[in-house]
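Novice: coords please:
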Amino acid sequence: METKVAIVEDEQHCTDRILAFLEPFGDRVKTVTYNSVAGALAGVEVERPDILFLDVMIGEQTGFDLLSKVTFSDFCLIFTTSFEQYALDAFRFSAIDFLLKPIDREDFTKAIHKAFEKLDQKQMKERIEVLMSHLSKVPSARKISLPSKDGFVFLEIQDILRCEADVNYTHLFTIDGQKHTVSRTLKYFEGLLVDFGFFRIHNSHLINMQYVKGYSKSGYLTLANDLKLEISVRRKEAFAKACEEFLER
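Specialist: Alright, predicted model coming up:
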C-alpha cells in the first residue's frame, strides 16, 4: 500500500536531503513538497498525507502556524528542527518525533520506520496540543503523552503520584490509582519531570513532591495514598533541601 509523504521545508537543500533518504523506499512512498505555510495549508488539505515532515521555521512563519490552521491532522508528524533544548523536551513530552538538522541518515531511517509502524495510532491532534502547551509561555495544565498498546495515553503531569523503575520499563501511578507502563527508563522520566516538582528518592522511585504527606527521620516518606517509600541514604540531604525549596514556592 502506497504511503503519502509530505515535506514542508523552505530550504531546498533540506528538502533534497529528505527526498534522498526516502529513495530506498521506492514505490512504497509518494512524495509531495511545499516551501511555504500557505502552500502547505492548501496542499495538505487536498493530499491528506500519511506522514508529514515539518520544518519548525518556514520563512517568517513556523510549522506551528500550519498546525493551528490545518483541519486535516490525521498524519504522523515528524518535525525537522534546530531548536534549543527546552523545545526538544517539549517534543519528548508530546511523543512527537523530531529530527535535528543536519539530519542524520540513521536517525531518519529510525523515525520513518517508527512512523510506518504507527500509522494506525496517530492521535496527532491530542499530541500536538501537548506539544503546544509545553512550548507556550502562558501557564496551563501540562500533559505528557505515553505510548500504549492501542495508541497513546495523555496524563496531566500534576496527576502523576510517582514513577517506579522496572529494569528498562517505568510504571507511572496516578493519584486516582491508575497504573501505566512505558518502555522508557526512570532516568528518562526524571529528566522530563524534575522541573515539575518531582524528586528521585531512590534508584527505583521518582515521586511528585506535592503528594508527600509525611517524612520520618528513619528515612521513609509517606505519600498521599499512605504508601511508604524508603529514601536512599545518599539522597536524604538533597531530599530535605528539595522539601524546603518546594514549600517556599
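Novice: next, the contact list for residue 189, please.
Specialist: 163, 170, 172, 198, 206 (CB atoms under 8 Å, 6 or more residues apart in numbering). Placement of C-beta: from N, CA and C, glycine included.
Novice: nearest residue to the first one other than its sequence neighbours?
Specialist: Read that as residue 163. residue 206 (4.2 Å; CB to CB, 6 or more residues apart in numbering).
Novice: neighbours around residue 207, how many?
Specialist: For residue 207, the count of nearby residues is 26 (other CB atoms under 10 Å).
Novice: ah, wrong one, I meant residue 74
Specialist: So residue 74, with other CB under 10 Å, has 12 neighbours.
Novice: that one - that's part of a helix, no?
Specialist: No. Going by DSSP: H, G, I helix; E, B strand; the rest coil, the assignment for residue 74 is coil, not a helix.
Novice: among the contacts of residue 189, give me the pair with the biggest separation.
Specialist: 170 and 198 (12.2 Å; CB to CB).
Novice: residues in contact with residue 114?
Specialist: By CB under 8 Å, 6+ apart, the neighbours of residue 114 are residue 97.
Novice: likewise residue 166?
Specialist: The neighbours of residue 166, taking CB under 8 Å, 6+ apart as the test, are residue 181.
Novice: bridge partners for residue 222, pull those for me.
Specialist: residue 214, residue 228 (DSSP bridges).
Novice: show me what secondary structure element comes after the least confident helix or strand in the chain by mean pLDDT.
Specialist: In the chain, no helix or strand scores lower on mean pLDDT, DSSP states H and E than helix 85-94, which sits at a mean of 59. Next along the chain after helix 85-94, taking DSSP states H and E as the criterion, comes strand 97-100.
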